[in-house]
Structure formats: structure tokens, C-alpha cells
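K.L.:
Structure for this input, please:
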Amino acid sequence: MDWLGMVTNAVGDLINKIPIERMIIKEPDNKEDREELKAILKGNNKPKAEPRAEDEITQPASIVRKSHAKIAGPEQTIEYQNREIGKIILQMERHASQKFHINGIACDCGSSKHLLDLEELCEETIPMVDKTEVYYKIIELGKEIAPKVDPEVVASGRYDSEYPEYSKKYRDLRKELFGTLDFAPLFEKRERANTLIGAVVRNELPSPTETQEVPVETVPEPQT
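P.N.:
Next up is the predicted model:
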């Protein structure tokens, strides 16, 4: 019996049953690497997809982060509107008391710009508030005085006797708007103290007999 041939054939059959890659490739110790190696050997070695830039974004671009900036609410907006209205009313109040003259010469200081600004501000504010009567009064007074403040009309002296009355009407509207004739509501809270002191120094505050609300003794005299 040819024992050598039998052994050789048996060894050949065993080798044929073992995949060639198992004999020449050492199996990795890492399970993930082993699975990848098997996939490669089976021909299923699809390349790994490179991570996309958008995959690294933890928050979708469509989501806008909330800003920490302060945004004025309805109350702050109404206060701002009223301050601006009050400032223009005060200008009209002063110009009317001076009969729309500068150094004795007729001027356009009661020009339509003031009246248009007042009307625009009032119309913007009306939808924001519950009590709208004062804003309509301001608009109507502006329409009434408009033809009387043209510089040529002012120069004619035709309405000189009426201008002081218009000054009082604007002052009354300012008081109705703020509930006071004090100048403080015309400025933001943080500006009020310095503004009022500056007004005293410039002798711009009205006398107590005019306002009944700003006692002179409560305001320190400016030092010389």
C-alpha cells in the first residue's frame, strides 16, 4: 500500500477545504476590524462615507438662537411715543407764546413739520392705547392752527391775539397726556435728573405760578 500517496492526498484535501486567506492573513483581535476584514474578503468592501459638514452641526441651521438683546415691549413703546409727542407739544407751546416770532421777526418755527410730526406720532400711538381722546385732540388742534402759522400770515399780525391762547391749549394737552406739567415725563428715567438740573441752570423751567408743580425752593440754586 502506498502510505505516502495516501498522506499526501489527505493533506491536499484538507488544504483545499481551508480558505487561502485564512492561511495567509492573521485575523484581527478587534471585532470591528474582523467584521470589516470579512466584508473585504467577501467583496462587500464599500468605502466608508466621509462625515459631511452638516452631520457635525448639532443644531439645524433653520433654528435661530434666541437673542439676549432687550426688545422694547408695548409699554416702553407707548412711553417713547408720548415723550416724542410731548417734546413737540412743548415746542409749539413755546413758539405760540412768542407769537411765532424770533427777535421780533416772523418765522416758520410753527411750520407744518412740527404739526405733521405730531399727527404722525399720534396716529401711530392711537392703536396702541385704550384712551385715545387726547391724541385726537392734538391732531385737531394742529389742523386748526396750521393755516395761522404760515410766516406771511404771522407777519401780518392777524392772529397775534390768538397765539397766547394756542400756547395754553397746547399746555393743557401736555398736562392731559402726562397728568402733569412737569418736564420729567419728556425724558427717560435715567436722564431726568440731569435734564431738570440743566433746565434750571438755563432758566427754562416755568415759574410755580404757571405750573403749580415745580416749587423753586426744591431745586438747588446753581453755584457761581
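
K.L.:
going forward, measure contacts and count neighbours with C-alpha atoms only.
P.N.:
Noted.

K.L.:
right, and Val134 touches Leu177 too?
P.N.:
Yes: if you go by CA atoms under 8 Å, Val134 and Leu177 touch, sitting 6.5 Å apart.

K.L.:
which of those two has more neighbours?
P.N.:
Leu177 (20 against 15; other CA atoms under 10 Å).

K.L.:
secondary structure element for the more buried one?
P.N.:
Counting by DSSP states H and E, the element that carries Leu177 is helix 163-178.

K.L.:
quick one: contacts of that helix?
P.N.:
Residues outside helix 163-178 that contact it (CA atoms under 8 Å, 6 or more residues apart in numbering): 82, 86, 89-90, 92-99, 134, 137-138, 145, 180-181, 185.

K.L.:
Please repeat the previous calculation with a cut-off of 6 Å.
P.N.:
With contacts defined as CA atoms under 6 Å, 6 or more residues apart in numbering, helix 163-178 is touched by Glu93, Ala96, Ser97, Lys99, Leu181.

K.L.:
Which of the helices or strands spans the fourth one?
P.N.:
Using DSSP H and E, no element contains Lys99; it sits outside every helix and strand.

K.L.:
Check the burial of it by counting its neighbours.
P.N.:
For Lys99, using other CA under 10 Å, the count is 27.

K.L.:
Now do the contacts for it.
P.N.:
Tyr163.

K.L.:
Could I get the phi/psi values of Ile102?
P.N.:
Taking degrees, to the nearest 10, you get phi -120, psi 120 for the backbone angles of Ile102.

K.L.:
Tell me the spacing between it and Glu124.
P.N.:
32 Å (CA to CA, to the nearest Å).

K.L.:
Check Val154 too.
P.N.:
From Val154 to Glu124 the distance is 30 Å (CA to CA).

K.L.:
Between those two, which has more neighbouring residues?
P.N.:
More crowded of Val154 and Glu124, by other CA under 10 Å: Val154, with 22 against 14.

K.L.:
Excluding sequence neighbours, find me the nearest residue to that one.
P.N.:
Nearest non-adjacent residue to Val154, counting by CA to CA, 6 or more residues apart in numbering: Ala106, 5.9 Å away.

K.L.:
Filter the contacts of helix 163-178 down to the ones in strands?
P.N.:
Using DSSP state E, no member of these falls in strands.

K.L.:
Who wins on neighbours among the residues you listed?
P.N.:
Lys99 (27 neighbours).

K.L.:
measure it to Gly73 for me?
P.N.:
The gap separating Lys99 from Gly73 is 39 Å, by CA to CA.

K.L.:
still on that earlier bit, look up phi and psi at the residue nearest to Val154.
P.N.:
In this entry, Ala106 is assigned phi and psi values of phi -60, psi 140 (degrees, to the nearest 10).
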